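[1] Compute the structure for the input listed below.
(one chain, ligands or ions: 1)
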Amino acid sequence: MKTIGVNTKLASIIGTDIGHSKSPAMMNAAFEELGMDAYYFPMNIQEEDFGTVVKGLSKMNYMGLTITIPYKLEILSYLDEIDPLAKIIGAVNTVRIQDGKLKGFNTDGEGFVRGLEVDGGLIIADQTFLVIGAGGVSRAIMTVLASRRPKKIYLANRTVEKAEEICEKLNREVCPCCVPLPLDCNLEPFAAESTVLINATNIGMPPMEGKSPVDLSLLRPDLFVADVIYNPRRTLLLETAEKMGCRVVNGQSLLLHQGKIAFQIWTGKEAPVDVMARAVFG
Ligand code: NAP
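    Numbering: from 1, shown residues only. Below is the predicted model:
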């Protein structure tokens, strides 16, 4: 059991429903592996207390925070500085605290895209993407994908206005490569043109486990398929793709790479990714 002393460097994940979070096991395994006097623990904070808690933590021996639902936007008003990419995304999930000053980052998109590059061996600039979903995680992934200047990104969403808003902003500010689509249109020609299909919706995890965000007939063996979901490890989409011989990457990769980036932001050290992976996925 870790002993916490006055010099122990602290970090926390802050949200309203974080009992299931794998981040404490992942980060504490990394601190232990590197022999650091540091400890990471989860905090369920009520909405009316969020500002008071953040201001208080900045006066304590904190090096960083992970910010999750519902605070990824609210944290913006407590920051002294914001990373340029997080500014475009418009949401922050990682905060570095140094000398009482808070700097915000967004590691979701970079974590996912590094997963595609490192674990999937993809060169983003060579690809055409079909991304399904235009929620918070999609917005982060879309921003980082666009910043790598791929051939094209089709973004399909049930609420097409959200896809239109993201594409319009990225086409203007990052790279003119984004095309919005309604999820219920005929996706066949867009899937046929794409080399990578990404599920960035909740479809495939409970209570929608066993469902796919797209018609599975769109899959073909040379399509690369990625999913943001890590529970279950294999969604119906990934399971079907894998059986067909597609290369796949799941949400574990996102979790690990974004954890690795956050660890480096807080500590300046290279994160022991293998140890972190064993701590959360066995
Ligand atoms: P979000 O902001 O709530 O967005 C959800 C997206 O899913 C929206 O595009 C929504 O479409 C779509 N959607 C939900 N139900 C649908 C349905 N029945 N039919 C069609 N579309 C549907 O959520 P988020 O924060 O982006 O998270 C998305 C997923 O990422 C979650 O599964 C989450 O677990 C996962 N995630 C994984 C990691 C990781 O480390 N691997 C990290 C963060 C999140 P509308 O816009 O039309 O509502």
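[2] Endpoint to endpoint, stretch 241-261 covers what distance?
    28 Å (CA to CA, to the nearest Å).
[3] do the same with stretch 225-233
    Span of stretch 225-233 from end to end, CA to CA: 14 Å.
[4] That one near the ligand at all?
    Yes. Using CB under 6 Å from any ligand atom, we find that stretch 225-233 touches the ligand at 228-230. Any C-beta I mention is one placed from the backbone N, CA and C, and that applies to glycine too.
[5] Now neighbour count, pLDDT and distance to V174 too, for those residues, in JSON lines please.
    Shown next, in JSON lines, are the residues of stretch 225-233 next to the ligand (neighbours: other CB atoms under 10 Å; pLDDT from 0 to 100; distance: CB to CB, whole Å):
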{"residue": "V228", "neighbour count": "28", "pLDDT": "96", "distance to V174": "20"}
{"residue": "I229", "neighbour count": "25", "pLDDT": "94", "distance to V174": "26"}
{"residue": "Y230", "neighbour count": "18", "pLDDT": "89", "distance to V174": "27"}
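[6] Can you tell me the centre-most residue of the protein?
    Residue closest to the average C-alpha location in the chain (CA atoms, centre = their mean): D108, at 2.4 Å.
[7] tell me the contacts of the nearest residue to that residue once chain neighbours are set aside?
    What sits nearest to D108 in space, not counting adjacent residues and going by CB to CB, 6 or more residues apart in numbering, is A140, at 4.0 Å. Neighbour list for A140: 89, 91, 93, 106, 108-109, 112 [criterion: CB atoms under 8 Å, 6 or more residues apart in numbering].
[8] related to what we said a few turns ago, distance check, the residue nearest to the centre of the chain against T94.
    9 Å (CB to CB, to the nearest Å).
[9] Now do the shared contacts for these two.
    Q258.
[10] burial measure for E242, as a count.
    14 (other CB atoms under 10 Å).
[11] Wait, it touches R234, no?
    Yes. Between E242 and R234 there is a contact under CB atoms under 8 Å: 7.1 Å.
[12] My read is that E173 contacts I88, right?
    Yes. E173 is within contact range of I88, at 6.0 Å (criterion: CB under 8 Å).
[13] who's more crowded, those two?
    When neighbours are counted by other CB under 10 Å, E173 and I88 differ, and I88 comes out ahead with 21 against 12.
[14] May I have the one helix or strand that one maps to as CSV, with CA atoms only?
    According to DSSP states H and E, I88 maps onto helix 84-89. Only the C-alpha atoms of helix 84-89 are listed here, as CSV (Å, rounded to 0.1, in the frame of the first residue of the first chain):
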residue,chain,number,x,y,z
PRO,A,84,-3.5,25.1,-29.3
LEU,A,85,-5.0,21.8,-30.3
ALA,A,86,-7.2,21.6,-27.2
LYS,A,87,-8.3,25.2,-28.1
ILE,A,88,-9.5,24.0,-31.6
ILE,A,89,-11.2,20.9,-30.1
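[15] which helices and strands does that helix pack with?
    Packing partners of helix 84-89 (3 or more CB pairs under 8 Å, 6 or more residues apart in numbering; DSSP states H and E): strand 101-105, helix 108-114, helix 136-147, helix 160-173.
[16] what's the pLDDT at the residue in the chain that the ligand sits nearest to?
    The nearest approach of the chain to the ligand comes at G135, 1.9 Å away (CB to the nearest ligand atom). As predicted, G135 sits at a pLDDT of 92.
[17] How about S12?
    At S12, the model reports a pLDDT of 97.
[18] Give me every residue in the stretch 151-282 of the chain lying close to the ligand.
    So the stretch 151-282 of the chain meets the ligand at 157-159, 162, 183, 200-203, 205, 228-230, 251, 254-255 (CB under 6 Å from any ligand atom).
[19] which of those sit farthest apart?
    T159 and L255 (26.0 Å; CB to CB).
[20] if you count what's nearby, which of these two comes out ahead?
    It is L255, of T159 and L255, that has more neighbours when counted by other CB under 10 Å, with 24 against 12.
[21] Leaving out chain neighbours, which residue sits closest to D83?
    F105 (4.5 Å).
[22] so that neighbour touches A91, yeah?
    No. Look at F105 against A91 with CB under 8 Å: they stay out of range, at 10.4 Å.
[23] If anything else comes up later, I'll come back, but that's it for now.
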